[in-house]
Structure formats: C-alpha cells, structure tokens
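> next come a sequence and a model predicted from it.
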Amino acid sequence: TRIGGITTFSSYQLEFNLIFTGVVGGWSNILHITATGGNCCNQGDRLPGIWAFSGTTRLHIRTASGASGNDGCDPGQHITLNKLTAVKIMVHQNRQMQVFFDNVNVCQRQLGGELYPSRPATLWVSDPWYSSSNAQVSDIKYKKL
C-alpha cells in the first residue's frame with residue numbers, strides 16, 4: 001500500500017512497531033522507501049527496503065550506498081510471532097548502519113561508499129513488487145540524524 005511522499009535523508013533513523021502474525025513463502029515485503037519509483041538495485045531504489053526471508057520472521061534490510069543500491073544489514077535474530085517488536089534502523093553520516101529490536105543492537109555494518117543524498121521519495125507499507133508479509137506495522141517515524 002502506498003502511504004505517501006516523504007523526503008529522505010542521507011543519514012537517517014527509521015522506527016516502527018512490528019508484529020508478525022505468520023510467515024510467507026518467498027520474500028515478503030514489510031516497508032519500502034524508494035526515491036526512484038523502482039524496486040532494485042539502482043541508487044535510490046531502497047532507502048531502506050525491509051523484507052522477511054522466506055518462511056521466517058528474520059528481516060532483510062537494504063539501503064543504498066555508494067557501493068551498492070542494495071547494501072544493508074541482516075540481523076540473524078528472528079522476531080517472535082505475535083509479539084510487538086520495536087524496530088529501529090539508523091544510518092549514520094560515518095556510513096555505520098545499525099539495527100535494533102526493542103533497543104537491543106542486533107546488527108551493525110559499515111556501508112560502502114558515499115551515502116545516497118536527500119531526495120523526495122515514496123513510502124510503501126508493503127510494496128507492489130513482492131508479496132506482503134503477514135505482519136502489522138504501526139507508529140512509523142523517520143527523521144534525519
């Protein structure tokens with residue numbers, strides 16, 4: 001579902017609450033911000049994009065960097081079914097990407113190359129290119145770091 005237009009930032013913090021109520025076979029999308037209107041893997045396609053791995057509640061989190069339009073950080077930890085989890089993604093100006101579940105750092109990675117510059121973009125809560133995750137998303141907050 002297209003939620004609307006936003007302005008992205010090169011360094012940002014994205015927070016939202018997530019409840020998985022089941023799993024989906026194949027990649028399933030949770031949330032996707034795109035400045036190009038595209039899915040992958042050009043610069044600006046994913047700012048970020050968040051999916052669940054097939055048949056799981058494990059997140060696949062991608063964001064654009066100078067090295068790749070599909071850079072990112074994938075936490076090894078699965079999210080508990082039917083439990084509200086506060087997800088926070090931070091991309092710092094020094095290109096450090098961090099992911100937190102309930103304020104616990106579950107993934108950290110140095111992104112390659114320069115960060116993607118600020119641009120007008122579209123926010124999707126489940127994008128049109130993938131099946132929707134069996135999940136509820138609420139309280140989305142996006143800000144510049």
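Perfect, I can see it now.

> OK, contacts around residue 29?
Contact partners of residue 29, counting by C-beta atoms under 8 Å, 6 or more residues apart in numbering, are 49-51, 124, 126-127, 129-133. For every residue, glycine as well, the C-beta is placed using N, CA and C.

> would you mind writing the CA trace of the host helix or strand of it as CSV?
For residue 29, the enclosing helix or strand under DSSP states H and E is strand 28-34. The C-alpha coordinates for strand 28-34 follow below in CSV (Å, rounded to 0.1, in the frame of the first residue of the first chain):
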residue,chain,number,x,y,z
SER,A,28,7.7,-10.8,1.7
ASN,A,29,7.8,-7.0,2.0
ILE,A,30,7.2,-5.1,5.1
LEU,A,31,8.2,-1.5,4.3
HIS,A,32,9.9,0.2,1.3
ILE,A,33,11.0,3.8,0.7
THR,A,34,12.0,4.5,-2.9
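
> who does that strand pair up with?
The partner list of strand 28-34 in its sheet, established with DSSP bridges, is strand 49-52 (antiparallel), strand 120-124 (antiparallel), strand 131-132 (parallel).

> give me the mean pLDDT for that strand.
Confidence over strand 28-34 (mean pLDDT, whole number) is 98.

> also stretch 69-87?
For stretch 69-87, the mean per-residue pLDDT is 97.

> so what's the backbone phi/psi at the closest residue to residue 113 other than its chain neighbours?
Distance criterion C-beta to C-beta, 6 or more residues apart in numbering; nearest residue to residue 113, sequence neighbours excluded, is residue 66 at 2.0 Å. Note on residue 66: backbone dihedrals following degrees, to the nearest 10 are phi -60, psi -20.

> residue 67 touches residue 113, doesn't it?
Yes. Here residue 67 lies in contact with residue 113, judged by C-beta atoms under 8 Å, at a distance of 4.1 Å.

> show me where this protein has its helices.
Assignment of helices within the chain using DSSP state H yields no ranges at all.
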